[in-house]
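In: Coordinates for the following, if possible.
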Amino acid sequence: MTISEHVKQLRRQESLTQQDLADRAGVGIHFVRDLEQGKSTLRMDKVNDVLSLFGERLGAVKDDNL
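Out: Just a heads-up that it's a prediction; the model follows:
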């Protein structure tokens, strides 16, 4: 599952519109739309603003295979 699919699923589970999510996260509606459409160049801090509403966040993960 991609981040975009995950955010969309979380938003729908909470019965939030994209505008509701944008307002609660303090980001613009265009950012939420871009995020849910899988735009590849989004600011991580803003993605984390959205994810924090659901008790989640992005972060670096150590890859032991490198």
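
In: Residue 55 versus residue 2, what's the distance?
Out: Separation of residue 2 from residue 55 (CB to CB, to the nearest Å): 19 Å. C-beta here means a position set from N, CA and C on the backbone, and glycine is covered the same way.

In: got it, and residue 46?
Out: Computed as CB to CB, the residue 46 to residue 55 distance reads 17 Å.

In: how about residue 30, secondary structure?
Out: When classified by DSSP: H, G, I helix; E, B strand; the rest coil, residue 30 comes out as helix.

In: repeat for residue 11
Out: Strictly by three-state DSSP, residue 11 counts as helix.

In: Give me the nearest residue to it, chain neighbours excluded.
Out: residue 21 (5.2 Å; CB to CB, 6 or more residues apart in numbering).

In: tally of neighbours for that neighbour?
Out: 23 (other CB atoms under 10 Å).

In: For it, give me its contacts.
Out: Residues near residue 21 by CB atoms under 8 Å, 6 or more residues apart in numbering: 11, 32, 50, 53.

In: go with 7 Å
Out: By CB atoms under 7 Å, 6 or more residues apart in numbering, the residues touching residue 21 are 11, 32, 50.

In: Which strand or helix spans it?
Out: Per DSSP states H and E: residue 21 is located in helix 18-25.

In: For that helix, C-alpha coordinates in PDB please.
Out: Presented in PDB, the C-alpha positions along helix 18-25 are these (Å, rounded to 0.1, in the frame of the first residue of the first chain):
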ATOM      1  CA  GLN A  18     -10.400  16.200   2.000                       C
ATOM      2  CA  GLN A  19     -11.200  19.700   3.100                       C
ATOM      3  CA  ASP A  20     -11.800  18.500   6.700                       C
ATOM      4  CA  LEU A  21      -8.400  16.800   6.700                       C
ATOM      5  CA  ALA A  22      -6.700  19.800   5.300                       C
ATOM      6  CA  ASP A  23      -8.300  22.100   7.900                       C
ATOM      7  CA  ARG A  24      -7.400  19.800  10.800                       C
ATOM      8  CA  ALA A  25      -3.900  19.200   9.700                       C
END
